[in-house]
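no sequence on this one, just coordinates:
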């Protein structure tokens with residue numbers, strides 16, 4: 001547990017000191033290694049924009065940058081899933097700390113909503129991290145996967161970055 005805390009502290013420091021590259025890297029890592037929650041990364045980035053007295057347009061820029069990082073991370077998972085398939089992934093689930101039940105939920109989500117589940121899934125905690133797996137297993141077209149992942153990831157990243165920025169503004173107005 002200490003390693004995860006140290007890792008999260010490193011991510012917080014990275015974002016605070018290197019906003020755009022830090023957010024890109026944090027989004028990429030949180031997509032591949034779920035211990036870093038995007039619910040912390042993006043509001044922190046939004047607050048950093050405010051704290052550094054940057055204009056609100058940077059909320060959009062940071063959100064798109066984070067969406068790009070999440071897309072790269074999601075594509076890595078997609079490619080691994082496509083290559084290993086269901087049997088191969090089931091074999092390695094215990095090493096990457098994903099429960100079989102979570103994977104079944106992601107499969108059900110993908111089967112129910114099809115390709116659009118990638119866009120929608122990128123905005124739902126718990127599904128976001130897993131939606132690349134069934135997309136790879138069910139052979140979603142790579143270009144379509146990338147476009148849908150980028151759209152959903154950008155919407156999610158911009159929304160959370162906006163929340164951090166505007167809650168920071170509200171806090172400043174209170175005090």
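Looks like it came in fine. What you see is a predicted model; the values in this text were computed from it and never measured.

Please count neighbours and contacts with C-alpha atoms only from this point.
Fine.

Please, where are all the helices along the chain?
2-17, 19-32, 38-51, 57-96, 100-113, 116-121, 132-137, 142-174 (DSSP state H).

Next, the buried residues of stretch 108-120.
109, 110, 115, 117, 118, 119, 120 (16 or more other C-alpha atoms under 10 Å).

ok, of these, which one's closest to residue 132?
Comparing the buried residues of stretch 108-120 against residue 132 with C-alpha to C-alpha places residue 118 closest, at 7.4 Å.

re earlier: flag whichever of the buried residues of stretch 108-120 scores worst on pLDDT.
Minimum pLDDT for these is recorded at residue 109 (74).

wait, that residue sits on residue 117?
Yes. With contact defined as C-alpha atoms under 8 Å, residue 109 reaches residue 117; the gap is 6.7 Å.

coming back round to it: okay, the helices of the chain, which one's buried deepest?
helix 132-137 (a mean of 26; mean count of other C-alpha atoms under 10 Å).

what sits up against that helix?
74-75, 77-83, 85-86, 103, 106-107, 110, 115, 118, 145 (C-alpha atoms under 8 Å, 6 or more residues apart in numbering).

and residue 106, what is it in contact with?
127, 130, 131, 133, 134.

Tabulate those residues (TSV), appending pLDDT and distance to residue 52.
Listed next are the contacts of residue 106 as TSV, based on pLDDT from 0 to 100; distance: C-alpha to C-alpha, whole Å:
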residue	pLDDT	distance to residue 52
127	78	33
130	82	34
131	87	34
133	87	38
134	88	40
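
Out of these, which comes closest to residue 67?
residue 131 (14.9 Å).

Please report phi then psi for that closest one.
Dihedral angles of residue 131 (phi, psi; degrees, to the nearest 10) stand at phi -60, psi -20.

What residues does it make contact with?
For residue 131, the contacting residues are 106, 107, 110, 117, 118, 121, 122, by C-alpha under 8 Å, 6+ apart.

Give the closest residue to the third one in space, chain neighbours not counted.
Counting by C-alpha to C-alpha, 6 or more residues apart in numbering, residue 110 lies nearest to residue 117, which is 5.5 Å off, once chain neighbours are set aside.

ditto for the second one
Counting by C-alpha to C-alpha, 6+ apart, residue 107 lies nearest to residue 134, which is 5.4 Å off, once chain neighbours are set aside.

how much space between that neighbour and residue 101?
13 Å (C-alpha to C-alpha, to the nearest Å).
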